[in-house]
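Visitor: Got a predicted structure here, sequence first:
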Amino acid sequence: MHNSNGDKITVDYEGKITLADNDKSIAAISDFGYFRFKKNSHEIYIKAEAGGKLTYTYYVRGKKKSYEPEGRTWFENELPQLIRESGFAAESRVARFYKQGGTSAVLDEIKQLEKDYAQYKYFKYLLRNHPVKNTELTNVVNLIGTEIKSDYYKGKILRNNHQKFLQNAKTTSSYVKAVANINSDYEKSKALRKALQQHLPDQLMAKVIDASIGINSDYEKSKVLRSITSKRPLSKKALDKVLVSTISINSDYEKSKVLRSILVSNSLNDQQMVNVINTVKKINSDYEKSKILRKALVKSPLSEFQLKTILDVTMGINSNHEKAKVLVNVGKKMPANNAVLKKQFTKVAKTISSDHEYGKVMRSLNK
């Protein structure tokens, strides 16, 4: 039972049901199946006997009434509305429209449907049961993006058919555009991560990154960005876009996870390292700052400029312990005879108030 525009509606059936072509009556029900439809005080019950013969019973306020002509007239008026709202008999109707006019005929019918769930079912049966041409897929995914308002149903039909939609640049672009119109962070994140399962060219990868900026949830945005950075080394343009999206993450923890993923998967030039370090500066947590910087120091070799950049941000770490952990790793990377770096290193080390931590840092220079 469900409510629709204030009406109480119950639909119950068993067996395979075939509608008449005008959608105003039921043409057939498989043997011993039935169909029951109740709306407010009116109810129709159709039962299939052996051999497919249908018997009709009509009730008003629980009392049996004549089916002809009153019941039939009422049912003919109500059935089309039920079809448009509930997606009842969607599979057989999709087959009928496809036979009559192919994919375009099904899409035209979807535009007439009034509920997201009904539209979802029609898209599902079209894509599952019928051969949609590659040239038609763009129209299909564009219509999903504009017609289905529900984030859940839009995200579900996109995800479930992502392999079809991500076959070429044109349909992939439409897919990402449709996903960008999803308001739910959870659904948007899931659909974007599905897209990232394909090997996207740089142009389409950029569109996925742009769509991630619209995700408000730090957790969901972080998942998308880490999916991007873990796939392959990024171009300069793509990396810059990822960093722009990363800056908008409020959570130090989630921001740190993205930055560490970047450092693991990419060999950064000096300017890119500066961009990453500038993002690190926006993190308040000393613990997360330390983790990111130590991850950057795993890379080998690092240029003098990159080491100076890391030392610069290390100066802003307040925790003696976390600052010392970074400096010990810097010390192991220090060139033997670079007086400029050694001077900066010593300057940062002297801001450590703990003699124990300071000693560990200075001893690292000799390792």
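Guide: Yep, it's here.

Visitor: burial measure for residue 290, as a count.
Guide: Residue 290 has 24 neighbours, counted by other C-beta atoms under 10 Å. Where you see a C-beta, it was placed from the backbone N, CA and C, and this is true even at glycine.

Visitor: Likewise for residue 82?
Guide: Other residues near residue 82 number 19, with proximity taken as other C-beta under 10 Å.

Visitor: Okay, and it sits in which element?
Guide: Using DSSP states H and E, the element containing residue 82 is helix 72-86.

Visitor: Please enumerate residues in contact with that helix?
Guide: For helix 72-86, the external contacting residues (C-beta atoms under 8 Å, 6 or more residues apart in numbering) are 4, 9, 11, 19, 23-26, 37, 39, 42, 44, 56, 58, 88-89, 93, 112-115, 117-118.

Visitor: Which of the residues in that helix are classified as buried?
Guide: The neighbour-count check on helix 72-86 (16 or more other C-beta atoms under 10 Å) flags 72, 74, 75, 78, 79, 81, 82, 83, 84, 85, 86 as buried.

Visitor: again with stretch 318-335
Guide: Those would be 319-320, 322-331, 333-334, for stretch 318-335 by 16+ other C-beta under 10 Å.

Visitor: which stretches of the stretch 1-150 of the chain aren't confidently modelled?
Guide: 1-6 (pLDDT under 70).

Visitor: And the strands in the chain, which stretches?
Guide: For the chain, the strands defined by DSSP state E occupy 2-4, 7-14, 17-19, 26-29, 34-39, 42-48, 54-60, 63-65.

Visitor: will you turn these into a markdown table that also has distance to residue 168 and mean neighbour count?
Guide: What follows is these, written out as a markdown table (distance: least, C-beta to C-beta, whole Å; neighbours: other C-beta atoms under 10 Å):
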| stretch | distance to residue 168 | mean neighbour count |
| --- | --- | --- |
| strand 2-4 | 40 | 11 |
| strand 7-14 | 40 | 14 |
| strand 17-19 | 36 | 18 |
| strand 26-29 | 40 | 18 |
| strand 34-39 | 43 | 18 |
| strand 42-48 | 46 | 19 |
| strand 54-60 | 48 | 15 |
| strand 63-65 | 58 | 11 |
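
Visitor: Skipping its backbone neighbours, what lies nearest residue 196 in space?
Guide: Spatial nearest neighbour of residue 196, excluding adjacent residues (C-beta to C-beta, 6 or more residues apart in numbering): residue 227 at 4.6 Å.

Visitor: Roughly how far does the one you found sit from residue 257?
Guide: 12 Å (C-beta to C-beta, to the nearest Å).

Visitor: Can you report how many residues lie near residue 61?
Guide: 9.

Visitor: To clarify, my last question referred to residue 40.
Guide: 11.

Visitor: That one and residue 8 touch, don't they?
Guide: Yes - in this structure, residue 40 is within contact of residue 8 by C-beta atoms under 8 Å, at 5.7 Å.

Visitor: rewinding a little: mind checking which of the strands of the chain is nearest residue 278?
Guide: For the strands of the chain, the distance to residue 278 is smallest for strand 2-4, at 53.5 Å, taking C-beta to C-beta.

Visitor: Tell me the buried residues in stretch 303-323?
Guide: Applying 16+ other C-beta under 10 Å to stretch 303-323 flags 306-311, 313-314, 317, 319-320, 322-323 as buried.

Visitor: Just the closest of those to residue 157, please.
Guide: residue 313 (45.1 Å).

Visitor: Quick check, the closest one in contact with residue 293.
Guide: Yes - counting by C-beta under 8 Å, residue 293 is a contact partner of residue 313 at 6.7 Å.

Visitor: so what sits against both of those two?
Guide: When contacts are counted by C-beta under 8 Å, 6+ apart, residue 313 and residue 293 are jointly contacted by residue 280.

Visitor: Show me which of residue 227 and residue 257 is the more surrounded one.
Guide: More crowded of residue 227 and residue 257, by other C-beta under 10 Å: residue 257, with 23 against 19.

Visitor: Which residue, other than its chain neighbours, is closest to that one?
Guide: residue 222 is the one closest to residue 257 (C-beta to C-beta, 6+ apart), at 5.6 Å.

Visitor: re earlier: how about the helix holding residue 82 as PDB, C-alpha atoms only?
Guide: The C-alpha trace of helix 72-86 is given here as PDB (Å, rounded to 0.1, in the frame of the first residue of the first chain):
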ATOM      1  CA  ARG A  72     -14.700  -1.400 -16.500                       C
ATOM      2  CA  THR A  73     -15.100   2.400 -17.000                       C
ATOM      3  CA  TRP A  74     -13.500   3.100 -13.700                       C
ATOM      4  CA  PHE A  75     -10.600   0.700 -14.300                       C
ATOM      5  CA  GLU A  76      -9.900   2.100 -17.800                       C
ATOM      6  CA  ASN A  77      -9.600   5.600 -16.300                       C
ATOM      7  CA  GLU A  78      -7.300   4.500 -13.500                       C
ATOM      8  CA  LEU A  79      -4.900   2.100 -15.100                       C
ATOM      9  CA  PRO A  80      -3.000   4.600 -17.200                       C
ATOM     10  CA  GLN A  81      -2.300   6.700 -14.200                       C
ATOM     11  CA  LEU A  82      -1.200   3.700 -12.200                       C
ATOM     12  CA  ILE A  83       1.200   2.800 -15.000                       C
ATOM     13  CA  ARG A  84       2.700   6.300 -15.200                       C
ATOM     14  CA  GLU A  85       3.200   6.600 -11.400                       C
ATOM     15  CA  SER A  86       4.300   3.100 -10.300                       C
END
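
Visitor: what's the offset of that helix from the middle of its chain?
Guide: Computed by C-alpha atoms, centre = their mean, to the nearest Å, the chain-centroid distance of helix 72-86 equals 36 Å.
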